[in-house]
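Enquirer: Give the three-dimensional model of this entry:
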Amino acid sequence: MLLDRLEAQQISPEHASQIAKLVVKAIPHKITDQQMLEIIPKLDDEFTELASVVYKHLKDYEQEHQKQVVGQVEELLKNQNFDQAFQLINQYFQRKL
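Expert: Next up is the predicted model:
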């Protein structure tokens, strides 16, 4: 994204450098999914240019997470673990809100 905007001269090299420094500083080398979910949404607070990247990452994560939950719920229902399936669905929607 930064390179595309630099090549199109939509941002200056200095501004691109500031954005890159923010991202490198905000995201540690070893990061958990939970930490990523806490950090990523905040990246575009200072630099709105990151909004499309933040949105895409969160959308992709949500789609993948939804697939995993649906698969787990289907398996629980097949095994007649209705209470566990209901709890998992509740957890999913609570987290989504």
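
Enquirer: Point to the residue nearest the middle of this structure.
Expert: Nearest to the geometric centre of the chain sits L58, at 3.1 Å (Cα atoms, centre = their mean).

Enquirer: which of the residues in whichever strand or helix holds that residue are buried?
Expert: For L58, the host element (DSSP states H and E) is helix 51-78. Residues V53, V54, H57, V69, V73, L76 are the ones in helix 51-78 that count as buried (16 or more other Cβ atoms under 10 Å). All C-beta atoms are positioned from the backbone trio N, CA, C, and that covers glycine.

Enquirer: same check, this time on stretch 25-41
Expert: Residues of stretch 25-41 classed as buried: I40 (neighbour count, 16+ other Cβ under 10 Å).

Enquirer: Between its first and last residues, how far does that stretch reach?
Expert: 15 Å (Cα to Cα, to the nearest Å).

Enquirer: and the residue located most distally from the centre of the chain, which of the three is it?
Expert: No residue in the chain sits farther from the centre than Q80, which is 32.2 Å out by Cα atoms, centre = their mean. What DSSP: H, G, I helix; E, B strand; the rest coil gives for Q80 is coil.
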